[in-house]
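*Asks:* for reference, the sequence and a predicted model appear below.
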Amino acid sequence: MTNSDPRAGDAIDKQKVEEFLQTESGGRAATGPAAVVLFLVPLLWSLFQLWIASPLPYLFDIGLFNSTEARSIHLAFACFLAFAAFPMIRGKHQNHVPIYDWVLALAAAFAASYLYFFYEQLASRPGAPNTQDMIVALGGLILLLEATRRALGLPLTIVAGVFIIYSLAGPYMPDVISHKGASLSKLASHQWLGTEGVFGVALGVSTSFVFLFVLFGALLERAGAGNYFIQVAYALLGHLRGGPAKAAVVSSGLSGVISGSSIANVVTTGTFTIPLMKRVGFPATKAGAVEVAASTNGQLTPPIMGAAAFLMVEYVGISYIEVIKHAILPALISYVALIYIVHLEACKLNMKGIERLDRPTLAQRLLNWVVILIGLCVLTFVVYYGIGWVKGWLGAAAIWVLAPLLVLVYIGLVGYACRFPDLEEDDPEKAMDSLPLAGPTIKTGLYYLLPVVVLVWCLTVERFSPQLSAFWATVFMVFIIITQRPLKAFFRNQGELFAGFRQGWVDLAHSLVTGARNMIGIGVATATAGIVVGTVTLTGIGLVMTQFVEFISGGNLLLMLIFTAVISLILGMGLPTTANYIVVSTLMAPVIVTLGAENGLLVPLIAVHLFVFYFGILADDTPPVGLAAYAAAAISGGDPIRTGIQGFTYDIRTAILPFMFIFNTQLLLIGLTGWFDLLVTIFSAVTAMLVFSAATQGFWFTKTRWWETVLLLLITFTLFRPGFWWDMVYPPTEDRPGSELFQHVDDIPAGEAIIIRASGMALDGRDVSKYLHLPLPAGETPQQRLAEAGLEVSPQGDQLVVDFVNFGSLAEKAGISFGWTIDKVQIEKDRPPKELMFIPALILLGLVAFGQLRRKAREEAAEVPA
């Protein structure tokens, strides 16, 4: 049949979008008593999480939970809701919950909360479970796998099941991955009755940090911040070439602050941005692909980063602020490049911008941007130093001045917003022939930025924990949700204060429920991924993986990274990003660090974790599974496979970044020497990414020829890794005999590290030789500084023999063991800065640009009729 009703296609698309929304927002939409339960239980979950994050339990000495108890209750809520909210068979029992699901939900909740109810008894018999413990633990593992299948699908369930089988069947495995095996008793005790498996670090992060940030995002969305960010992006960027697509990129980046999920970003912002892009001339496939690329990159954007940022805090052992610092530059340059790609696509299609109602001149636009920039700088200066002065003057009592002041600023901004009409939701069916005024649009929601300011202030200035920072930001967001409606009614003299308060409480309750239901998948995913982590510690497969990967890669770090990227992409096609990150980083991060050290490249652990995380995210738009691409295609009406392929071509720029920052850690702001170094790094990275975007899109000022593409890729590589060429001319380091260690120790400032090559026998009996970072404390003599680091050595020819290593010392943490030898000392050589390679690269870039501009002028002249 060819004459089908086009509206039927729209209905199918809307149905698909609803399915994706249902998956992202907590399953079936039950009615009757089941709906009441599915409202009250998530509400209680949110209230519990707010309680344990607040200072109240410590102030009143009631309701205190240790970390294990909190994890147990957290998982009990998640498992109960996974069975109650998600049907056993997708598409069936969508409006009611069968009796067997209630039974399974209660059984799963009991098994998960077993550690809370029997905490003292379990503590009295560690590693020796009784029959009841065994039944609950093994039953809990089975129920957790089923909960994961319901909430997230089969892939993660299968991965966890394979690791459980591997734990039990170790002796029957091939020699390369065999181990002595684990009994059912040991498996149950390790995976369920302690904190090594299911109730490990990953679930702890979900309990402590992730829930509050997801709840914070749900509150922002309910308050109207999501629509505000979208409308502001339209107002500011819609007049540019391909403006709606650029607005889609920016709004998805801002939504990353709220969501942290690529699929959620697609089905929320994409509902508005994809039809808008199609209205201004983007084909359906490209409109969907732009949204997919922007939404997957939303997870790269601090502070939420799809929950991985909080896991990195635990796995890498650095502060949350450090994680944000290392992640911020790659995220920003990736977004700048995506906006540029959209610009290039608009140039290819010869698009024009949408007309602005105010039509400012170029001078007015520049003046507006200057005023905004100066205003932000002045505001930042006043707030930072003003609050700092108040804190220094009033000390602990400053909070009683600053909190009311924050409330007054909020009330003032709401009053100011009331001078302008509220923003309307965008209508995808409406013709887009004009843009909203930028000024009034921005001013209608400035108060939405205050909770984000509170969050960033608590994290960066007060140095609160992420949990406490998210708590205070969420508390302020709760205050906004309750009060914004009555305040607007008051300022507009509408006289509906009570109705506004009532609606505010309704909005709050629904936000708390939405936040909790959004957490079901993350809660069970982190618990199930804990099975993989538990298997690694139970079986020692981490050591096996090192040998296995070294064998496959032949010790070549680049091949190893490609192998890791492929694993991340394959697993990420079916696993949520967070679970994929946990699995791959647990298995591969130590391998890359170890083998890199053995080959002379000291890779920071954070770089490896970000590498794994990036490729886990890219799996969301990688065909044939790419769930984000399917979600976008459901909205655009395009083919999901073609949408995924097109989205991946846009995301190639993101795929090269992890390889670049492994070999050039300055992109992660590691090893910078000052502001000039920082500015040079930012300039070179942004330029490199823009050049790479032009090369991969086959278009710059005009269509690129093959040799221009090759030159642009060469320029990109040089700007990203100037040291690759410079090291051929001027080697950066020189290896000196280990016996010269003492004389080079004096050249190392206190607190910094010296690089040595040490060799000896590892715990598994292998002879290893690798480069190590040894931090050196202050001391009067080289021997004393080494002793302060926990290392005693004696000369033996051109080497030093390690006589003693203090337990828990810097030397032991660096990886040095008793009986090893220090063979070489790596010293830096004086050489011209590697950034001089930028000069020939930029000259070559200028020549390519000159050639393209001349060719473009000739093409335009040829098109003009005589």
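*Replies:* Ah, there it is. None of the values given here were measured: they were computed from a predicted structure.
*Asks:* where does pLDDT dip in the stretch 51-200 of the chain?
*Replies:* 91, 93-94 (pLDDT under 70).
*Asks:* please enumerate the helices of it.
*Replies:* 56-60, 67-85, 99-112, 114-117, 119-124, 131-152, 154-168, 184-191 (DSSP state H, counting those that start in this stretch).
*Asks:* from the chain's centroid, how far away is the shortest one?
*Replies:* For helix 114-117, the distance from its own C-alpha centre to the chain's C-alpha centre is 32 Å (Cα atoms, centre = their mean, to the nearest Å).
*Asks:* and if you look at the longest one?
*Replies:* If you compare the mean C-alpha spot of helix 131-152 with that of the full chain, they lie 28 Å apart, counting by Cα atoms, centre = their mean.
*Asks:* give the buried residues for it.
*Replies:* Of the residues in helix 131-152, 133-134, 136-141, 143-152 count as buried by neighbour count, 16 or more other Cβ atoms under 10 Å. C-beta: built from backbone N, CA, C; applies to glycine.
*Asks:* same check on the last one?
*Replies:* Applying a neighbour-count criterion of 16+ other Cβ under 10 Å, the buried positions in helix 184-191 are Ser185, Leu187, Ala188, Ser189, His190, Gln191.
*Asks:* between those residues, which sits nearest Gln743?
*Replies:* Comparing the buried residues of helix 184-191 against Gln743 with Cβ to Cβ picks out His190 as the nearest, at 49.2 Å.
*Asks:* for Tyr228, find the nearest of the helices of the stretch 51-200 of the chain.
*Replies:* Once those are compared by Cβ to Cβ, helix 67-85 is nearest, at 29.3 Å.
*Asks:* tilt between the closest one and helix 99-112?
*Replies:* 170 degrees (axes from the mean of the first three to the mean of the last three Cα atoms, to 10 degrees).
*Asks:* now do the same contact list for Pro421.
*Replies:* Pro440, Thr444 (Cβ atoms under 8 Å, 6 or more residues apart in numbering).
*Asks:* quick check: phi and psi on it?
*Replies:* phi -70, psi 150 (degrees, to the nearest 10).
*Asks:* over to Arg736?
*Replies:* phi -110, psi 160.
*Asks:* just give the nearest non-adjacent residue to it, would you?
*Replies:* Val825 (4.8 Å; Cβ to Cβ, 6 or more residues apart in numbering).
*Asks:* does the one you found touch Ile754 like I think?
*Replies:* Yes - counting by Cβ atoms under 8 Å, Ile754 is a contact partner of Val825 at 6.9 Å.
*Asks:* any common contacting residues for these two?
*Replies:* Common neighbours of Val825 and Ile754 (Cβ under 8 Å, 6+ apart) are Leu741, His744.
*Asks:* in the stretch 201-350 of the chain, where is pLDDT below threshold?
*Replies:* Under the criterion pLDDT under 70, the flagged ranges of the stretch 201-350 of the chain are 252-262, 264-265, 267-268, 303-308.
*Asks:* look up how far Ala233 lies from the closest residue to Gly238 other than its chain neighbours.
*Replies:* The shortest distance from Gly238 to any non-neighbouring residue, by Cβ to Cβ, 6+ apart, is to Leu435 (4.3 Å). Separation of Leu435 from Ala233 (Cβ to Cβ, to the nearest Å): 11 Å.
*Asks:* how many residues are close by Lys92?
*Replies:* Neighbour count for Lys92, taken as other Cβ atoms under 10 Å: 9.
*Asks:* low pLDDT regions in the stretch 551-700 of the chain?
*Replies:* 555, 572-576, 598-600, 620-627.
*Asks:* could you redo the last one with a cut-off of 90?
*Replies:* 551-686, 688-689, 693-700 (pLDDT under 90).
*Asks:* contact partners for the closest residue to Thr821 other than its chain neighbours?
*Replies:* Nearest residue to Thr821, sequence neighbours excluded (Cβ to Cβ, 6+ apart): Gln799, at 4.6 Å. Taking Cβ under 8 Å, 6+ apart, we find Gln799 in contact with Pro737, Gly738, Ser739, Thr821, Ile822, Asp823.
*Asks:* ok, the first one - contacts?
*Replies:* Going back to what we said before, that points to Pro737. Pro737 touches Asp798, Gln799, Asp823, Lys824, Val825, counting by Cβ under 8 Å, 6+ apart.
*Asks:* partners of it in the sheet?
*Replies:* Following DSSP bridges, Pro737 is listed with bridge partners Lys824.
*Asks:* related to what we said a few turns ago, the residue nearest to Gly238: neighbouring residues, count only.
*Replies:* Leu435: 23 surrounding residues under other Cβ under 10 Å.
*Asks:* use 48 as the first number from now on
*Replies:* That works, and once the first residue is 48, the last one we named lands at Leu482.
*Asks:* measure it to Pro291 for me?
*Replies:* 9 Å.
*Asks:* cool, Ile795 as well?
*Replies:* Ile795 is 55 Å from Pro291, where distance means Cβ to Cβ.
*Asks:* also Asp793?
*Replies:* Asp793 sits at a distance of 62 Å from Pro291 (criterion: Cβ to Cβ).
*Asks:* neighbour count winner among the two?
*Replies:* Pro291 (32 against 11).
*Asks:* might you report the residue contacts of that one?
*Replies:* Tyr281, Gly285, Thr320, Leu323, Met324, Arg326, Val327, Phe329, Ile401, Met479.
*Asks:* host element of the fifth one?
*Replies:* If you go by DSSP states H and E, Met324 is part of helix 309-326.
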